[in-house]
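1. Next comes the sequence, and after it the predicted model I'd like to discuss.
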Amino acid sequence: MKFFFIMKNKILINLSFLFAFASAVFAQTKVSGVVMDKQNHPIPFANVAFKNSSEGIVANEDGAFYLESPKIYTTIVITSVGYSDKELELEKAVNYNLKIRLNEIETLNEVVVYRGKTSKKNNPALDILRKIWEKRRQNGLHLFAKYQMEKYEKIEFDMNTIDSAYMKKKLFKGMEFIFKHVDTSKITGKTYLPIFVNEALSDVYGDNKLKKVKVKTKANKTSGFNGNQQILSFVNDLYTDFDIYDNHITFFDKSFTSPLSTTGIDVYNYILRDSTFMDKKWCYNIVFYPRRQNELTFKGDFWVSDTTYAIKNISMAATKSANINWVKDIYIEQEFEVMNDSVFLLTKDYMMTDFALNKKDKSKGVYGKRTTFYRDHKFNDEKPEKFYKEDINFLDKDIYNKPEEYWDKNRFENLTKDEKGVYKMLDTLQTVKKFQRLYSLVEIVDSGFIHLGDLDYGPIYSVIGQNSVEGLRLRAGVRTYSSPNDPWRLQSYVAYGFKDNKFKYGITGKWMIEPKKRIIISAGNRRDIEQIGASLTSTNEIVVRNYASSGLLTFGANDKLTNVNLSNIELQIEPIKNLTFGTGISYRTLASASPTFSLDYYTDLSQTAIKSQVKQSEINLQVEYTPNRKPIAFGVERYNTDSPFTSLFLTYSQGFKGLFSSDFNYKKLQLYYKQPIIIGPLGRSNITVEMGKTFGFIPLGLMSVVPGNQSLFDISNTFSNLKYYEFVTDQYVTLKWDHDFHGRFFARIPFMRKLNWRENIGVKSVYGTVSNDNRIINASGLVYNAPEKVYWEYSAGIGNILKCLRIDFSWRGNYLNMPDATKFATKISFGFYF
């Protein structure tokens, strides 16, 4: 459900902890300031460079810049489209807060300009850009059928904007030693303190014909927050590889337009700034910056060869006005080296993200950095197709326990004395009790469980609930938990309703008996009160509870509740990565939990006898396919990163009459399919399809109830304008579409730009029927209404309100004359969205 803190929220909670923890080394030359016009208005995206060098920077949209070099320079050159160039002498090595004013002109180097925008005609930079498009697939690794290389990756998180007042806070009492390792960023000029470092060495193999890539990790080392799977998942999700030549580059589930995109002419301004020899190749330097604010774009520059039109290096930063939360800056550098006189290969990839609660210049935050090096390229070394088969659950503990001697020998870059001191500091910090207590508190908020020894108590977010039958409901739970890689887990809960004065419980156990194929057996039993009309695609989870069963913020009568006694045994296997097969047997009894609700049914079509309780034995087969899913951890339970992936779930169930006194023979087939689609700058769509059919006659308790939503919250796979049991089916098809435009249209409305709101639209529909036999045996008193004419509802919403709130307004499209029909509904959802 969207309203709960999902994985993305957990990651941001961890980051908020890093904010709370948020010797300087000086370069030879440092310069910062603001570029303005004569009226003291900032000039966005001006170019600032050290004279007679290739070292420069593009100012942000507020005209602000910071430039540093280990070399000594005495002059900077400032240029901007529509303004005269200016050279400024530096009085000293460190020059901060300069105010630089430029004079406006009409033309520049034969490129017609207006208000800082470049012309799309007679622009030599665009001629070069078109050559890049022509050659884009004739460069680098794309030239070879097969390739392999060695990869070293270093990921680091740092507190930033550290000042003396911050160091003296009571929070850091007993941990003052960490501030001996404060350093200064060469990108932003801000102070920072490393708090997490992860290193990995890998061999990378690729086959361009098969479009397969295999990464074999040889060594992995972490210092700071060891074992925190949420941070590691965040790292995996954040730092996905990208190709600078692609039209769009995806970060944080947002699609940025690449400066090398074939649509770039309509998105960016381009200027040919310089040309010179680099590695004996004549190269052009092109500066780019966005034409409009609030779009997902970059500013920066790149050098490109004049013969192959391959990128030699590129530096770019996301524009500050981009509609993305919790991120103040994104900075990217890539370097390519020439091999065999013509082939350009990526050798260094650097990315830095400044996470902060707001985008003010002085706000404290956390840097996330990734530095990747590639070397020892080899080409066309044959590998069989099966070589590229992905490991399902590979865990080699030796990879994580390499000695220091191994790292000293195999790192691409030797650690400096300061970097070695950081490693020691991080290892020491984890032994400080105050730090351990603070970290434990964050883990409680993060996971929802209180960890004591080898047990977790919780989840704390499910302690209190209510419904019409139980009244106030209290719940307490416990699970075994030693690490995310536990091969087995036991979990149980007990609940008590103060209105019905009854205890409920659930207990389950899982054991991964074979890790490589993830063969898992599980069993459990649950006796509880539930709203079984809250979902279509059914599972036999024991301890998972839907919000409709005991939500606090609901409306209307929630008295159509069922006493459920469910026992099951299941077996599942994952023979191919992200393809899971499962089978199981279950036995359940269903009876009404409310005097105003009935599950009564006739025992046969002659309507001779009535029963109130359903007893049912069932065997089921399941197939789940989730391509591109990125799981983390290696235990019996895993979590997924927040990267979008396709979900396909197919289940077949067979009911057996007479088995353990079971009441019905039937066959049920169900399908669930969800497809996320990122549509470049237009945002992201989610399309969900559910289908199901039951063969044979069944009572109300086994029917497929179209899920309504009587809560204040937006709940996925439910219908916002339907009540529980408003539609009942034994065969159905649903189609749901939801689209987030990521603020593309609001960004074009001047007074709404700074709000960073995002537009959402959606449509939900369902078609279903009920067979005559099932209508005949119905003795519940509930009239079976089926959406034989397609029911539909549509919605429009505003997201990213205060960076965490989304409000959806939903209208009923038809069936407006049904009793107590909900024609309009408002739903909210919470989440920390990027």
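-> Nice, I can see it.

2. quick one: T822 and F719 touch, right?
-> No - using CB atoms under 8 Å, T822 is not in contact with F719, being 9.5 Å away. C-beta coordinates here come from the backbone N, C-alpha and C atoms, glycine included.

3. Tell me how many other residues crowd the residue nearest to P42 when sequence neighbours are not counted.
-> Counting by CB to CB, 6 or more residues apart in numbering, P42 lies nearest to G63, which is 3.2 Å off, once chain neighbours are set aside. As a burial measure, G63 scores 21 neighbours (other CB atoms under 10 Å).

4. In contact with S538, which residues are there?
-> 651, 670 (CB atoms under 8 Å, 6 or more residues apart in numbering).

5. The nearest residue to A93 once chain neighbours are set aside and F65, how far apart?
-> Leaving aside its chain neighbours, A93 sits nearest to T29 (5.5 Å; criterion: CB to CB, 6+ apart). When CB to CB, to the nearest Å is applied, the distance between T29 and F65 equals 14 Å.

6. can you map out the helices along the stretch 501-650 of the chain?
-> Listed in chain order, the helices of the stretch 501-650 of the chain (DSSP state H, counting those that start in this stretch) span 547-550.

7. just the strands in it please.
-> Secondary structure of the stretch 501-650 of the chain (DSSP state E, counting those that start in this stretch): strands at 502-514, 519-530, 562-576, 579-592, 601-602, 610-611, 614-625, 631-632, 639-640, 647-655.

8. could I get those as JSON lines with mean pLDDT, mean neighbour count and distance to L296?
-> Shown next, in JSON lines, are the strands of the stretch 501-650 of the chain (pLDDT from 0 to 100; neighbours: other CB atoms under 10 Å; distance: least, CB to CB, whole Å):
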{"stretch": "strand 502-514", "mean pLDDT": "96", "mean neighbour count": "17", "distance to L296": "41"}
{"stretch": "strand 519-530", "mean pLDDT": "95", "mean neighbour count": "20", "distance to L296": "41"}
{"stretch": "strand 562-576", "mean pLDDT": "95", "mean neighbour count": "18", "distance to L296": "35"}
{"stretch": "strand 579-592", "mean pLDDT": "96", "mean neighbour count": "18", "distance to L296": "34"}
{"stretch": "strand 601-602", "mean pLDDT": "94", "mean neighbour count": "22", "distance to L296": "56"}
{"stretch": "strand 610-611", "mean pLDDT": "93", "mean neighbour count": "14", "distance to L296": "60"}
{"stretch": "strand 614-625", "mean pLDDT": "95", "mean neighbour count": "18", "distance to L296": "31"}
{"stretch": "strand 631-632", "mean pLDDT": "80", "mean neighbour count": "18", "distance to L296": "27"}
{"stretch": "strand 639-640", "mean pLDDT": "79", "mean neighbour count": "16", "distance to L296": "24"}
{"stretch": "strand 647-655", "mean pLDDT": "96", "mean neighbour count": "18", "distance to L296": "26"}
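
9. could I get the ones you listed as JSON lines with distance to N800?
-> What follows is the strands of the stretch 501-650 of the chain, written out as JSON lines (distance: least, CB to CB, whole Å):
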{"stretch": "strand 502-514", "distance to N800": "37"}
{"stretch": "strand 519-530", "distance to N800": "34"}
{"stretch": "strand 562-576", "distance to N800": "36"}
{"stretch": "strand 579-592", "distance to N800": "34"}
{"stretch": "strand 601-602", "distance to N800": "48"}
{"stretch": "strand 610-611", "distance to N800": "52"}
{"stretch": "strand 614-625", "distance to N800": "32"}
{"stretch": "strand 631-632", "distance to N800": "27"}
{"stretch": "strand 639-640", "distance to N800": "23"}
{"stretch": "strand 647-655", "distance to N800": "25"}
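
10. how far does stretch 520-539 stretch from start to finish?
-> End-to-end span of stretch 520-539 (CA to CA, to the nearest Å): 16 Å.

11. Low-confidence bits of the protein, can you list those?
-> 1-27, 105-119, 137-139, 224-239, 340-342, 642, 833 (pLDDT under 70).

12. Which residue is most remote from the mean position of it?
-> T608 (56.2 Å; CA atoms, centre = their mean).

13. Nearest spatial neighbour of it, chain-adjacent residues omitted?
-> Y602 (7.3 Å).

14. Report the separation between the residue nearest to P42 and I76.
-> From G63 to I76 the distance is 14 Å (CB to CB).

15. same deal with Q531?
-> From Q531 to I76 the distance is 67 Å (CB to CB).

16. Equivalent analysis for S661, please.
-> Distance from S661 to I76, by CB to CB: 87 Å.

17. Mind checking which of those two has more residues around it?
-> The residue with more neighbours, out of S661 and I76, is I76; 26 against 11, by other CB under 10 Å.

18. For the more buried one, which residues are in contact?
-> Neighbour list for I76: 31, 48-51, 67, 87-88, 90 [criterion: CB under 8 Å, 6+ apart].

19. now with 7 Å?
-> Contacts of I76 were listed using CB atoms under 7 Å, 6 or more residues apart in numbering, and they are 31, 48-51, 88, 90.

20. Turn these into a markdown table, columns for secondary structure and distance to M278.
-> Output for those, formatted as a markdown table (DSSP: H, G, I helix; E, B strand; the rest coil; distance: CB to CB, whole Å):
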| residue | secondary structure | distance to M278 |
| --- | --- | --- |
| V31 | strand | 24 |
| V48 | strand | 20 |
| A49 | strand | 15 |
| F50 | strand | 16 |
| K51 | coil | 18 |
| L88 | strand | 26 |
| L90 | coil | 25 |
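
21. Filter those residues down to the buried ones.
-> Neighbour-count burial (16 or more other CB atoms under 10 Å) applied to these gives 31, 48-50, 88, 90.

22. Tell me how far N97 lies from V31.
-> 10 Å.

23. ok, T822 and F719, which is more surrounded?
-> The neighbour comparison of T822 against F719 (other CB under 10 Å) goes to F719, with 26 against 22.

24. doesn't V705 make contact with the more buried one?
-> No - between F719 and V705 there is no contact under CB atoms under 7 Å: 11.0 Å.

25. What are the buried residues along the helix or strand where A219 lies?
-> Element membership for A219 (DSSP states H and E) is strand 212-223. Under the neighbour-count criterion of 16+ other CB under 10 Å, strand 212-223 has 212, 214, 218-223 buried.

26. Ends of stretch 604-614, what's the gap?
-> 13 Å.

27. Other residues contacting that stretch?
-> Contacts of stretch 604-614 (CB under 7 Å, 6+ apart): 589-592, 599-603, 663, 699, 701-702, 773, 776-777, 779.

28. roughly how far apart are K362 and K190?
-> 9 Å.

29. out of the two, which sits in the more crowded spot?
-> Neighbour comparison, K362 and K190: the larger count goes to K190, with 21 against 8 (by other CB under 10 Å).
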